[in-house]
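Student: my questions are about this predicted structure, shown below with the sequence.
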Amino acid sequence: MTGRSDALLSAENIGISFGGLRALDGVGFAARAGEILAIIGPNGAGKTTLFNIVSGLYRATEGRITLDGKDVTQAPPHRLAALGLSRTFQNLQVFFRMTALENVMAGRHLREGSSLFADLFRLPRARRANAATRDAAMALLEEVGLADKAELPAGSLPYGALKRLEIARALATNPRVLLLDEPAAGCNPVETEEIDRLIAQVAARGVAVVLIEHDMKLVMRISRHVVVLNQGRMLAEGTPEQVRTNPEVIAAYLGTHGVKEASLA
Amino acid sequence: MSARWATLIILAVIIGTIPWFFPSGFYFRVAALIWVTALAAVGLQILMGQAGQVSLGHAGFVGIGAYTMALGPKLLGLDVLLCLPLGAAIAGCVAFVVGRPILRLKGHYLAVATLGFGMLVTMVLVNEVALTGGPDGIRIPRPELLGWRIRGGETFYWITGGALLIGVWIALNLQASPSGRALAALHDSEVAARTVGIDVAAHKLRAFVIAAVYGSVAGGLLALMNGFVTPDAAGFLASIEYVTMVVIGGLASVPGAVVGAALLVLLPQTLTFLHEYEQAVIGLLIMLFMIFLRAGIVPGLAALLRRRPA
């Protein structure tokens, strides 16, 4: 890949083993501001593992991750969030006991200028922080089309809405890099289109978006660059066009049906 | 009016008016016992209900607060009233030191670790006879404020009632604040909480320290009120009772902890006519409450009321 120097987030030569199992080996990608990068590959290829490493939940055995030029290979998730990296989860990690609004408000944690002391005694500072958080969260719920569900318990929302709620919560941190793990999984075509539009909007604002997705139409339509993983290794990378016509990718992942789907984009 | 203010006003009205219905001075003592017990339970609600971290050693902090009231004057010659904030500071520091390593544990492992802490405190209190008086307990000096001797059931009723009101106010403030939201978030999903920038370990530790301070202040007031303290105040049974209060009242609810405490203090007092079956009936009642109001008394009844609008 050329021009890694201008990457906002770059992962180089990432490797990790679980027990004797080599889950990832020599994998890397570079995400640039305002661009959408897709990571695709068959189930078990190591895509989510890669996300878990990049977002600090797992420690890579080898490799280096830099965010805006800083080495963040060992950084814990909350430090990475403070540096501008946020993510969503394939298997939803919603705060189910909170309302939809409170979920997004929790995403504003780093932007709240309050202290424990102010919070305990309900000082004006805590009240102002709460009000500002509420307004910002409400605006984000509107952006993802969930404003009318704000006061409902998150546990009562349908799957597609929860996917969007997670995106809103991730956006609430004001990320510069956004990792989306299968944002359109389990969504109907209308919902998928909404998510598609939302992702494009976010990228247009200058956020580097990294996307794991199985919906080839979505991937081919919106990504600038595609990385293909297979069995923990890099299989191919390039523009959507290059990847779609790569014989190895077709054999390992896309198959003939996938090629048809991808070309429909 | 927010639910927060409604809760505070209802509690203030209850504390302010029930003395009118007391047939004798004895009831001031029982009610004051409820208020201090509830204060300790509210602290545990912050840890268990809001942050979702179990503690089977909460009474250990109650014991630290109570024994500071005896040992501060005895060893350091301090005024006993000064020992109330001193005990809170000691409990907070102990919680900070103990909490750092054990709060990395989850679920059953955390439960056992906190259990160990509670046992450790009890062991010290029982075995250091020269210092603590051992199993027989130790006297607390009578408090005096500007020449006025603080004593009598009625006086302690108002002191403990006021302390509980402040404790509930702070717990409710926390619940509705950015810090409280961080606790609720890590309660639901630690992974998601971390990825939105919440320092999970630091927030758990804060909740643990706050709970310890509540426990210590409650223990200190209890010791002042009784003029005496034994290691039972810090014991395993007491810890289990605090957990039961929080769970039975409703884990998610601050007023639930108060209701749970009231129930567990009152049941033994009202069921004395059952003699040897008293404990069995209390156990049975607790089981029935858990079966029929699984979310706890306060959230359970609130849900019932909402389903059947008047």
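Tutor: Looks like it arrived, so ask away. Numbers count the residues shown, from 1 in each chain, chains lettered A, B, ... in the order given.
Student: list the contacts for the spatially closest residue to A:Ser115 that is not a sequence neighbour?
Tutor: Counting by Cβ to Cβ, 6 or more residues apart in numbering or on different chains, A:Arg125 is the residue found nearest to A:Ser115 once chain neighbours are left out, at 7.3 Å. C-beta here means a position set from N, CA and C on the backbone, and glycine is covered the same way. Listed by Cβ atoms under 8 Å, 6 or more residues apart in numbering or on different chains, the contact set of A:Arg125 reads A:Gly113, A:Ser114, A:Ser115, A:Ala118.
Student: ok, the second one touching B:Ser177?
Tutor: Same thing as A:Ser114. Yes. Counting by Cβ atoms under 8 Å, A:Ser114 touches B:Ser177, with 6.9 Å between them.
Student: what sits in contact with each of the two?
Tutor: Taking Cβ under 8 Å, 6+ apart as the contact rule, A:Ser114 and B:Ser177 both touch A:Ala126, A:Asn130.
Student: quick check on the two: which one has the bigger neighbour count.
Tutor: For A:Ser114 versus B:Ser177, the count of surrounding residues by other Cβ atoms under 10 Å in any protein chain shown is larger for B:Ser177: 25 against 19.
Student: what parts of chain B come near chain A?
Tutor: Contact residues (Cβ under 8 Å from any Cβ of the partner chain) of chain B with chain A: B:170, B:173-174, B:176-182, B:184-185, B:187-189, B:191-200, B:206, B:210, B:252.
Student: ok so, going back, buried among the contacts of A:Arg125? Need that as a selection in ChimeraX.
Tutor: Remark: buried members of the contacts of A:Arg125, expressed as a ChimeraX selection using 16 or more other Cβ atoms under 10 Å in any protein chain shown:
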select /A:114,118
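Student: from the contacts of A:Arg125, pick the one nearest A:Asn13.
Tutor: Relative to A:Asn13, the closest of the contacts of A:Arg125 is A:Gly113; by Cβ to Cβ it sits at 39.3 Å.
Student: the residue nearest to A:Ser115 in helix, strand or coil?
Tutor: Following DSSP: H, G, I helix; E, B strand; the rest coil, the label given to A:Arg125 is helix.
Student: what score does the nearest residue to B:Ala113 once chain neighbours are set aside have for pLDDT?
Tutor: What sits nearest to B:Ala113 in space, not counting adjacent residues and going by Cβ to Cβ, 6+ apart, is B:Ile102, at 4.1 Å. Looking at B:Ile102, its pLDDT stands at 96.
Student: how about A:Met1?
Tutor: Turning to A:Met1, the model gives it a pLDDT of 45.
Student: identify each buried residue in stretch B:105-117, please.
Tutor: B:Leu110, B:Ala111, B:Ala113, B:Thr114, B:Leu115, B:Phe117.
Student: right, and the fifth one touches B:Leu56 too?
Tutor: Meaning B:Leu115. Yes. B:Leu115 is within contact range of B:Leu56, at 4.1 Å (criterion: Cβ under 8 Å).
Student: overlap in contacts of these two?
Tutor: Residues touching both B:Leu115 and B:Leu56 (Cβ under 8 Å, 6+ apart): B:Phe236, B:Ser239.
Student: was I right about A:Val228 contacting A:Tyr253?
Tutor: Yes. If you go by Cβ under 8 Å, A:Val228 and A:Tyr253 touch, sitting 6.6 Å apart.
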